[in-house]
Every structure is written in C-alpha cells, then in structure tokens.
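Trainee: Quick check, what structure comes out for this input:
(2 chains)
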Number of protein chains: 2
Amino acid sequence: MADSPVTEASPPGLPWYVAGSQLLGLACVVITGVWMGHYRGGYAWDGTTHEFNVHPLCMVLGLVFLYGDAIMVYRVFRNEAKRSVKVLHAALHLIALVISIVGFVAVFDFHRSAKIPSMYSLHSWCGMLTFVLFCLQWLLGLSFFLFGGVSERLRHCYLSLHVFFGLALLALAVATCLLGITEKLLFTITPTYSEFTPEGVLANTLGLLLVGFGVVVAYIVTKEDFRRPLHPEEEALSMHFKTLTEGESPNSP
Amino acid sequence: MADSPVTEASPPGLPWYVAGSQLLGLACVVITGVWMGHYRGGYAWDGTTHEFNVHPLCMVLGLVFLYGDAIMVYRVFRNEAKRSVKVLHAALHLIALVISIVGFVAVFDFHRSAKIPSMYSLHSWCGMLTFVLFCLQWLLGLSFFLFGGVSERLRHCYLSLHVFFGLALLALAVATCLLGITEKLLFTITPTYSEFTPEGVLANTLGLLLVGFGVVVAYIVTKEDFRRPLHPEEEALSMHFKTLTEGESPNSP
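Mentor: Okay, the predicted model is just below:
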C-alpha cells in the first residue's frame, strides 16, 4: 500500500466521473453554440442580437465549463507538485474570467445599441453577483495561496472558505445560466415554447445538462475518497502547522 | 474539555448562523406571501390565478424553508438522542413534502382550468426533477436510517450520498424558485419590469434572499466545526463499525 506514495493511482471511479463531467461540460458548450448559431442567427460583433449571442456562449464556456474544470484540477492532477497545480488552477480561472468579461461586454454593448435597459432582471442581478464574487475570490486566492507573505495559519483558515465559496459560486453560475435560458426563451419563442418546439426542448435540455455538470463537479470535489493525497513535503508542512495550531489552541476562540 | 460529553455547548458562531438562516428563510416566505397576496390578487382555490398564487408560497415554504430547516436539525439539536433528531428530520421533510404536493396541485389545477399547457418550461422540468428526487431521497432515507433491516455497512455507504444529494436538491429547489420568479415576472409585468417597478425589485430581492438562505444552510451543514458531536452510544457503534469495516477492508473495493 505504501510502496509508491508520490505517484499514487487515481481512486476507483474518479476517472469515470471526470470523463462524465467533461462530456456534460462539452455538451453544454456545444448545445449553447448550436442554439445561438443555428436557432438565433449566429455570431457577430455588430451591436445586434448576433452580438448578444456571444454572451451565452462565453458565460457557459467561461463561468461554468472552465470554472468547473479549474475547481477539479486538484483531483485530476494528483501526482504533480502542489505549486504547479495551484498555478494551473489560477490560470484556468483567469481564462474563465477573461472569457466571461467578453461575454459581459457583448450583452452590455448589445443593450446599449438596441436601447434595452440593463441590470433590471433577476438574471442580471445573479450574474453580476456571481461575477463580482468570482473576481474577489480569484484575487483573495492569489494573495493567500500563490503570493507569499500570508501566515500558514491564515491560509489554513481561509482555505475552507475558499473551497466553500468556490462551489457556491459554481452553483450560482449554473442557476444564473438557467435564468438566462428562461429569459431568452420567453423573450423569443413564447408563442411556441408551450408546444414543445425543438428550440425550447433543446434549451431546456441544456439547462438540465448544466445542472448535471454542476452536480458531477461538486460530487468529485467533495467526495472524501477523491481527495488529493498529501505529498511528503506537504505532509511535513501540515505537521508543522498542526504543531503550531495545537500550541496556540488554548488561546484560540 | 471532557467534563460534559453529552450536553456539549454549541460551537462559537453556530447560533448566529442558525438565527441568520431563520431570518432569511422567514423573509423569503413573507415576501412570497406579500408578492402573491398584495401584487397578484391574493389566494383562493377556484382555478383562477388566485389558485396559482398558492403554488409559489407552498414551494418556498415547503421545498426551501422547511427543507432547509430539516437539513439543519443535526446541527441545531446537538444534545438530543440521535433517533429523536432523525425522527424530527424525517417529519420536517414529510411536512415539506405534503406542502409541496399542495403547491403542485395548485399549479396543475390552475393550468387545467385556464387551458394552459403544463411541463414545457425549464422551470417545470427542474421543479419535477427536484420533486421526484426529493421523494426518492425521503423514501431511501426512511428505509436506510429509520427502519431496521439495513446493515451498518450499507447505511454508512449511503450516508455520504444522502448528505450530498440532500444539499444538491436544496440548491436545485432554490434554482427552480429563481426560474419561477423570472417566469412569473416576464408573464405578468414585462412592460414595466425594466423600469425597476416595485414588484420586480421585490421579486428580484426575494431571489437573492433565497440564494442567501441556501448558502447559509449549506455553510452550516458543511462546516467541520459545526458537526454534531458523537454521543457515547454512537461512539460505541462507530467503533464497532470501524472494527467491522477494517476487518473487511482486504476484500472491499
């Protein structure tokens, strides 16, 4: 059992769950692309609804698929150095952030051109909340875990919050997408939506697949058996921290 | 430290988080009541929109507020016997289930009277999925944890799934409510929604409060420090189980 502590094999089942998450995530991106490309007239950057169409694709690709993949890197890359995985985690989140900014610009630009008010709907409120908290979470993660200067104790305290809010934000991002799907369908196909028109069924299916992606990612990152094993150098650090906090425990709250 | 193992005090912060969750949950129920009662014409059981108005109130009260409270009982009732808390958990979920059935009947009955098709929208798909999985989860919970006949090993295996899907279903229930809010607003106040009409702002605020309730409940039930302490008789059982599983481990997957 303790023959190969550094290059430990994946726990049983994990590769299948990861593969499932990727299939669901890619299906979401492709279906959003097809919905906007085929049913809603395609993409352009011209202030029309074709510019709007960039918005859903960017949000699903950035704030759901890449965001979910960024969360899973610690489970997938189990044997690489912790620091490399941290850099990958931050980099994937940065790409997700940039793509979602493009998505935000697309919808605000379209609203300005078409003289449609912004930020009045529940979808926009949830989306803005997700985006602002995501930026904050990324900056805090960078300061606490990638740049030096923060004590091990403070890092440890923030880690559980970072993990909790990371998952909560994924859930909020998925919920915001569902709201966006509902808004778009009611704005565009209200007369035929209730007749189970293919576009409506496709968009509803996209909604369920988004929920499925979120659930599988959440399952992978919360399942105790799938946790990344501590590498020797991390184990030494963890023991050091334990000694430190146990020494402090009589004064701690 | 080990003076009072049975009547252990609540961990610091827990009562405040629980109080916060109750304030948020009650605010959601009251705002839904005011929205439907004041802005949407009140309640009746007559096949009109007044019957529909029963639906949001029942879903927020049953599938969000009571469901969330049922999840938290193990954190709140820390010193009561485990079996009593289990019975309370199942009973609260049963009340939530009955109230949500009334909510379902209200909307289907209204649709039938008003000749509006059912089950075509993403809101209805997510709602039905939540409801079916909730029933399944309740029945499985009852069979595994309240009725006898299931081995300790099987209970232990199912427990983590029960907890994970319990939280996932709360998230899905909240997301379904957000979809319902968006649908209702777009069906009824589309011309004034974008002008920040009070009804729209109230309903959007309800959406954010529902998200807040879900986040606080999820935080309370996932925070390690808030876990219910093992009581002496449970500790004995847990040791017994550990011996059993460790004895079995060479054959387990």
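Trainee: my guess is A:Leu178 meets B:Trp125, correct?
Mentor: No - look at A:Leu178 against B:Trp125 with Cβ atoms under 8 Å: they stay out of range, at 10.0 Å. No exception for glycine: its C-beta is placed from N, CA and C like everyone else's.
Trainee: Those two: which has the busier surroundings?
Mentor: Under the neighbour definition other Cβ atoms under 10 Å in any protein chain shown, A:Leu178 and B:Trp125 were set side by side, and A:Leu178 has more, 28 against 20.
Trainee: Poorly predicted segments of the stretch 1-150 of chain A, please.
Mentor: Residue ranges of the stretch 1-150 of chain A with pLDDT under 70: A:1-6.
Trainee: same thing but 90
Mentor: The stretch 1-150 of chain A contains residues with pLDDT under 90 at A:1-10, A:147-149.
Trainee: Contact residues of it facing chain B?
Mentor: Contacts of the stretch 1-150 of chain A with chain B, taken as Cβ under 8 Å from any Cβ of the partner chain, map to A:Pro12, A:Ile116, A:Pro117, A:Tyr120, A:Ser121, A:Leu122, A:His123, A:Trp125, A:Cys126, A:Leu129.
Trainee: Assign A:Gly47 to helix, strand or coil.
Mentor: Secondary structure state of A:Gly47, per DSSP: H, G, I helix; E, B strand; the rest coil, is coil.
Trainee: contacting residues for it?
Mentor: Applying Cβ atoms under 8 Å, 6 or more residues apart in numbering or on different chains to A:Gly47 gives the contacts A:Asp109, A:Phe110, A:Arg112, A:Ser113, A:Ala114.
Trainee: about what we covered before: which of the residues of the stretch 1-150 of chain A next to chain B ranks first by neighbour count?
Mentor: Top of the residues of the stretch 1-150 of chain A next to chain B by neighbour count (other Cβ under 10 Å): A:Leu122, with 27 neighbours.
Trainee: hang on, isn't it packed against B:Ile181?
Mentor: Yes - taking Cβ under 8 Å as the definition, A:Leu122 is a contact partner of B:Ile181 at 5.8 Å.
Trainee: Now list whatever residues contact both of those two.
Mentor: By Cβ under 8 Å, 6+ apart, A:Leu122 and B:Ile181 have these common neighbours: B:Ala203, B:Asn204, B:Gly207.
Trainee: Can you say which two of the residues of the stretch 1-150 of chain A next to chain B are spatially most distant?
Mentor: Largest separation among the residues of the stretch 1-150 of chain A next to chain B by Cβ to Cβ: A:Pro12 and A:Pro117, giving 52.5 Å.
Trainee: Briefly note if the helix ranked longest in chain A comes near chain B.
Mentor: Of all the segments assigned as helix in chain A under DSSP state H, the longest by residue count is helix A:152-188. Yes - judged by Cβ under 8 Å from any Cβ, helix A:152-188 comes into contact with chain B at A:160, A:164, A:168, A:171-172, A:174-175, A:178-179, A:181-183, A:185-187.
Trainee: Need the three-state assignment for A:Gly127.
Mentor: In three-state terms, and counting by three-state DSSP, A:Gly127 is helix.
Trainee: Quick check: the gap between it and B:Leu154.
Mentor: According to Cβ to Cβ, to the nearest Å, A:Gly127 and B:Leu154 sit 43 Å apart.
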